[in-house]
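> Any chance you could fold what I've pasted below:
(one chain, ligands or ions: 2)
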Amino acid sequence: MTEKRSALVTGITGQDGAYLADLLLGKGCEVHGLARDVSGFDFDRLASSSQREGRFHLHGCDLTDQAALRNLVAAIRPGEIYNLAAQSHVPTSIAEPLMTSEINATAPIRLMEAILDLGLGGHTRLFLAASSEIFGDAGGQILSENSVMTPRNPYALSKHHSYVESQKFRKERGLFIVNGILFNHESPYRSPAFVTRKITLAVASMRNTGEPLRLGNLNARRDWGHARDYAEGMWLSLQRDIPDDYIFATGENHSVREFVELAFAATGRRVRWEGAGEDEIGFDADTGVRLVEVDPVFFRPEDIGATVGDSSKARAELNWRPRTNFAGLVREMVLSDMAR
Ligand code: NDP
Ligand code: GDR
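Ligands and ions are numbered 1, 2, ... in the order given. Reported below is the predicted structural model:
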């Protein structure tokens, strides 16, 4: 742990913010969370953190408000900053590229400038949440820190911009910055805008609604891990004395179709697929009830077919490894949604 045991976490109301806040509090840290809408604050995800009286502080601040962000950093003088705040939804970035770029690229660059201007360069360590999206569509090739990067949507471009700039701040201006190149990670805290939680929520509620689940590309493959493991990787990466960039990934990938099958299996149902492409339908193998339909609305113009990451550097240098496997992740998400 760095000298001053205080951390500023942007994006505290998001999925990763909840796991990271819990982890940092467990390590005895003072946690300052930046949330843009304190009045609409989601205490559901942060229920256990917010109960740690005295060591959990919430600050209302939009990441794009440069002056407010700088004042916050000056007041807290955090030993660690985890910049998790982002417009993190790929389709939204296509609809709103400018807003995505301001939050995901310009704001982190301003944050780096603020650390320098405030004279905190030798004190504050900064973690930036980069993304496997920066590689673009690598055709299922296993991706390492040295793989070619060809970002292809506004979200990926914004994350790539921040990634490239941060390397300059590290090399040329001496800031302690780590990029975690994060592959997909999910959990019961995942927003329903993403396919995994959309599936587990639908599977859990289907007996009541009877509505089939409508999905896009069933054949897309992702390297899916558990968010709790990735939060641990973020923390580990700031504990080393030399800053560097790390891939966090499980090293295996699975299709949306496999995710659907395992999710239904957790409720005792088997899926039988019929048809192909937009006409494919998933039926309950025992009752014949329609469980899944393909809806072209959810297809993406330039979807990435498959991702899989090589996290051997993080495993060797940080002693990091994912603890929850794919089947365990799907089951935990379904059971959590059923319990709700
Ligand atoms: P979420 O979308 O769950 O959370 C994003 C957070 O950013 C939310 O708390 C959101 O607040 C906040 N935020 C968005 N815009 C602003 C703003 N202008 N000012 C302040 N806060 C803002 O993301 P995850 O937790 O899943 O991901 C964390 C980080 O990791 C993100 O940067 C994401 O891009 C990156 N990442 C995530 C991966 C994943 O699979 N989960 C994989 C690769 C990278 P609000 O609640 O107000 O919307
Ligand atoms: P992704 O996650 O774009 O990889 O970004 P998402 O869950 O949205 O998509 C994964 C794959 O599933 C396919 N898909 C669908 N996706 C959604 N959302 N809804 C559907 O109905 C659906 N049907 C099929 C998609 O086409 C895609 O191929 C996540 C985010 O967390 C980013 O912030 C992060 O950087 C990357 O992961 C790594």
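
> Could you pull up phi and psi at the residue lying farthest from the centre of the chain?
What lies farthest from the middle of the chain is residue 287; by C-alpha atoms, centre = their mean that is 36.8 Å. Per-residue torsions, residue 287: phi -100, psi -20 (degrees, to the nearest 10).

> Over to residue 28?
Dihedral pair for residue 28: phi 90, psi 10, per degrees, to the nearest 10.

> what comes up buried for stretch 255-262?
Across stretch 255-262, burial judged by 16 or more other C-beta atoms under 10 Å covers 256-262. The way it works is simple: take the backbone N, C-alpha and C, and place the C-beta from them, glycine included.

> ok, of those, which one's closest to residue 332?
Of all the buried residues of stretch 255-262, residue 332 sits closest to residue 262, with 11.3 Å by C-beta to C-beta.

> What separation do you get for that closest one and residue 96?
33 Å (C-beta to C-beta, to the nearest Å).

> repeat for residue 56
Residue 56 is 31 Å from residue 96, by C-beta to C-beta.

> and those two? which has more neighbours close in?
Shown here are residue 56 and residue 96; by other C-beta atoms under 10 Å, residue 56 has more neighbours (21 against 15).

> Over to the more buried one: give its phi and psi.
Main-chain dihedrals, residue 56, degrees, to the nearest 10: phi -120, psi 120.

> What are the buried residues along stretch 286-304?
Those would be 291-294, 304, for stretch 286-304 by 16+ other C-beta under 10 Å.

> Return the residues in contact with residue 335.
residue 266 (C-beta atoms under 8 Å, 6 or more residues apart in numbering).

> can you check residue 253 too?
Under the criterion of C-beta under 8 Å, 6+ apart, the neighbours of residue 253 are 140, 221-224, 306-308.

> sorry, back to before: out of the buried residues of stretch 255-262, which is nearest to residue 246?
The closest of the buried residues of stretch 255-262, once distances to residue 246 are taken by C-beta to C-beta, is residue 259, at 25.5 Å.

> State the helix or strand in which the closest one lies.
Residue 259 is located in helix 256-265, with elements delineated by DSSP states H and E.

> Report how many residues lie close to residue 207.
Neighbour count for residue 207, taken as other C-beta under 10 Å: 10.

> ok, back up a step: roughly how far does the residue farthest from the centre of the chain sit from ligand 2?
24 Å (C-beta to the nearest ligand atom, to the nearest Å).

> for residue 162, same thing?
The value you get for residue 162 to ligand 2, if C-beta to the nearest ligand atom is used, is 12 Å.
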